[in-house]
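1. here is my input; please provide its structure:
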Amino acid sequence: MNFFRQNIQDMSPYVPGLQLNDPDIIKLNTNENPFPPSNTVLNAVREGVNTSLRLYPNPTSDTLRDTLAFTYSLKREQIIVGNGSDEVLAMIMRACVAPGDNVLLFYPTYSLYDVLAYANDATITEIELDESFNIPDKAFGVKARLCYLPNPNVPAGNYIDKQTIIRLAESIGGLLVIDEAYVDFAEQSCIDLVEKYNNIVVTRTFSKSFSLAGMRIGYAVAKPSVIAGVMKVKDSYNLDRISEIAATASIRDLAEIKKRCSYIKHVRDNTAQRLRSMNFHVLPSQTNFLFVKPPGVDAEYLYEALLNRKILVRFFNQCRVKEYLRITIGMQEDMDILISTLKELL
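-> Numbering: from 1, shown residues only. Predicted structure coming up:
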């Protein structure tokens, strides 16, 4: 007997990046931060491990919401917190899209979006990005209940300008969810658009710039009416006590976070220049990774060759992107080893 809905039977699951239990691997495949959580965060977590763990956490994570609101000049009612931004993206889908509703997605993009749409039995309109991985004109005539847009973009790493974002928000007729997972490595943000547009939602994560990928913390910012609607489908106690403590401490340690992001951006730009000097095609990046096309060799071959040398990058065996490798920016010494290894292999 098959217990699953037909759309679940037909869909493919999300496939995360490879996680190898090998301390000797230089891990450059899942865009984690090379820095550990700051001492401020670690101390806060240690203090939080006490007898209060027998109690449920605050159901709406109000301490974190208030800290985020103060930091980014928002109101608590404009913020919802989740178990990673992936849960926040799923809550928005669950609250806003009925079976058969149209969801606008772009290709290539973060593959979880497809999974969420298929699981919700939505109709998907997929539009391929142009040669520069930007939104083509034909997208602006599509009406959709919901559109997910990563910005900076994934997997290319480019930033889509605000005027294009505004044009899309004004044309689709539904919610535009701007996934800003990598925004702290970019030169600007779209969070200010939330004040001007009723149909814009901005999501963020603590996994990248805040070095808390292992704790799964994310949030969304929108008009209070949108947040109130999404709150109705939120799981009870969806963020645990320790995660809220860690995220709150991270926001309060923003100066250190910005310092680390500046370092990563410097290493990113230096690595991009070195790869270009080796005839790699390197796309412009405003993230903590580079999307590169190797010169004269197959990307999958180079991926395997690097893995054999204990350097793990990301290869996507999919149309259009299978010519590229995605390389997470690590510490400078990690990138030096990567470059020297590539010189030996090419």
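2. rest of the way, CA atoms for contacts and neighbours
-> Fine.
3. in the stretch 1-150 of the chain, which spans are helices?
-> Using DSSP state H, counting those that start in this stretch, the helices of the stretch 1-150 of the chain run over residues 6-10, 39-48, 62-71, 85-96, 112-119.
4. how about JSON lines for those, with mean pLDDT added?
-> Listed next are the helices of the stretch 1-150 of the chain as JSON lines, based on pLDDT from 0 to 100:
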{"stretch": "helix 6-10", "mean pLDDT": "93"}
{"stretch": "helix 39-48", "mean pLDDT": "97"}
{"stretch": "helix 62-71", "mean pLDDT": "98"}
{"stretch": "helix 85-96", "mean pLDDT": "98"}
{"stretch": "helix 112-119", "mean pLDDT": "97"}
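5. mean neighbour count added to those helices, as CSV?
-> Formatted as CSV, those follow (neighbours: other C-alpha atoms under 10 Å):
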stretch, mean neighbour count
helix 6-10, 12
helix 39-48, 16
helix 62-71, 17
helix 85-96, 21
helix 112-119, 21
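6. mean confidence score for stretch 280-300?
-> For stretch 280-300, mean pLDDT is 97.
7. ugh, wrong one, stretch 318-331
-> 96.
8. quick check: longest helix of the protein.
-> helix 254-277 (DSSP state H).
9. state the mean pLDDT of it.
-> 98.
10. what's the distance between the next helix or strand after that helix and the middle of its chain?
-> From helix 254-277 onward toward the C-terminus, using DSSP states H and E, the following helix or strand is strand 281-282. Relative to its chain's centre, strand 281-282 lies at 22 Å (C-alpha atoms, centre = their mean, to the nearest Å).
11. now do stretch 65-73
-> The answer for stretch 65-73 is 20 Å, by C-alpha atoms, centre = their mean.
12. hmm, who's touching it?
-> Contact with stretch 65-73 is made by 74-76, 79-81, 248, 251-252, as judged by C-alpha atoms under 8 Å, 6 or more residues apart in numbering.
13. and which of those is nearest residue 273?
-> Comparing the contacts of stretch 65-73 against residue 273 with C-alpha to C-alpha picks out residue 251 as the nearest, at 31.9 Å.
14. so what's the residue count around that closest one?
-> 18 (other C-alpha atoms under 10 Å).
15. next: the one 5 residues further on.
-> Other residues within reach of residue 256, judged by other C-alpha under 10 Å, total 16.
16. on the three-state scheme, the residue nearest to residue 271 when sequence neighbours are not counted is what?
-> Among residues not flanking residue 271 along the chain, residue 335 sits closest, at 6.9 Å (C-alpha to C-alpha, 6 or more residues apart in numbering). When classified by DSSP: H, G, I helix; E, B strand; the rest coil, residue 335 comes out as helix.
17. how many neighbouring residues does residue 335 have?
-> 20.
18. just the pLDDT for it.
-> 98.
19. that one reaches residue 329, doesn't it?
-> Yes: Residue 335 is within contact range of residue 329, at 7.2 Å (criterion: C-alpha atoms under 8 Å).
20. just give the nearest non-adjacent residue to residue 202, would you?
-> residue 178 (4.8 Å).
21. what does that neighbour show for phi and psi?
-> phi -100, psi 110 (degrees, to the nearest 10).
22. relative to residue 85, how far out is it?
-> 11 Å (C-alpha to C-alpha, to the nearest Å).
23. give me the common contacts of these two.
-> In contact with both residue 178 and residue 85: residue 203, using C-alpha under 8 Å, 6+ apart.
24. now do the contacts for the closest residue in space to residue 258 that isn't next to it in sequence.
-> Among residues not flanking residue 258 along the chain, residue 184 sits closest, at 7.7 Å (C-alpha to C-alpha, 6+ apart). With contact set as C-alpha under 8 Å, 6+ apart, residue 184 has these partners: 209, 258, 261, 287.
25. out of those, who's nearest residue 13?
-> Of those, the one sitting nearest to residue 13 (C-alpha to C-alpha) turns out to be residue 287, at 25.3 Å.
26. just the pLDDT at residue 2, thanks.
-> 87.
27. so how far is residue 9 from it?
-> 9 Å.
28. and residue 204, by the same measure?
-> 30 Å.
29. cool, residue 51 as well?
-> 44 Å.
30. same check, this time on residue 47
-> 45 Å.
31. how much space separates residue 21 from residue 315?
-> Applying C-alpha to C-alpha to residue 21 and residue 315 gives a distance of 19 Å.
32. which of those two has more neighbours?
-> More crowded of residue 21 and residue 315, by other C-alpha under 10 Å: residue 315, with 21 against 7.
33. just checking, that one touches residue 307?
-> No: at 11.0 Å, residue 315 and residue 307 do not qualify as touching, with contact defined as C-alpha under 8 Å.
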